[in-house]
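>>> this is the structure alone, sequence omitted:
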């Protein structure tokens, strides 16, 4: 099955489970993790569009898509030779002044973030919270009653033969509690 179809199914399933706009971002993050391609600007643009659409409708989706495309987190391979300058000197360069320093980046070099971005930090926090140890809830008295084989009352005949008679079990359970 192609990656696109898997992502589409995953996003649809996540949105159905979420049941609202507030959880669309969760579907986008799930889709990104499913593809496992953090350096793809198109995936980041789609994620931004989904989150932006959940927050602000169509204009939010457009803005989110553009922001996701420009600010794609993760590693990047440079497609052509590039020259990098400090961001604070960009306006001065547009006015014709030379930046204080430049970095030449050769085609095919890998550019990876050194400091974790906000997205990376928030993803790590969410993963830590979700993967934390969770002990099972304590069973209530009715659940403990149902679990014991000696308390089972089954239908003797009819269409439900062999199945539990929960109505009779409920009456017996309630009678036992009165004592």
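Perfect, thanks for sending it. It should be emphasised that the depicted structure is a prediction, and the values quoted were computed from it without experimental measurement.
>>> C-terminal to whichever helix or strand residue 62 is part of, what's the next element?
Following DSSP states H and E, one finds residue 62 within helix 41-70. Remark: after helix 41-70, the chain's next helix or strand is strand 76-77, criterion DSSP H and E.
>>> ok, then the element right after that following strand?
strand 82-84.
>>> now that next one: average pLDDT?
When pLDDT is averaged along strand 82-84, the result is 85.
>>> go on, stretch 99-107?
87.
>>> and for it, what's in contact with it?
78-86, 89, 92-93, 111 (C-beta atoms under 8 Å, 6 or more residues apart in numbering). The way it works is simple: take the backbone N, C-alpha and C, and place the C-beta from them, glycine included.
>>> which residue ranges of the protein form helices?
Using DSSP state H, the helices of the chain run over 3-18, 24-35, 41-70, 90-94, 118-130, 141-147, 166-178.
>>> gap between the closest residue to residue 77 other than its chain neighbours and residue 120?
Nearest residue to residue 77 in three dimensions, chain neighbours excluded: residue 110, at 5.6 Å (C-beta to C-beta, 6 or more residues apart in numbering). Distance of residue 110 to residue 120, given as C-beta to C-beta, to the nearest Å: 17 Å.
>>> can you pick out the residue with more neighbours from these two?
residue 120 (14 against 10; other C-beta atoms under 10 Å).
>>> okay, that one: pLDDT?
78.
>>> ok, now how distant is residue 91 from residue 117?
Using C-beta to C-beta, we find residue 91 at a distance of 24 Å from residue 117.
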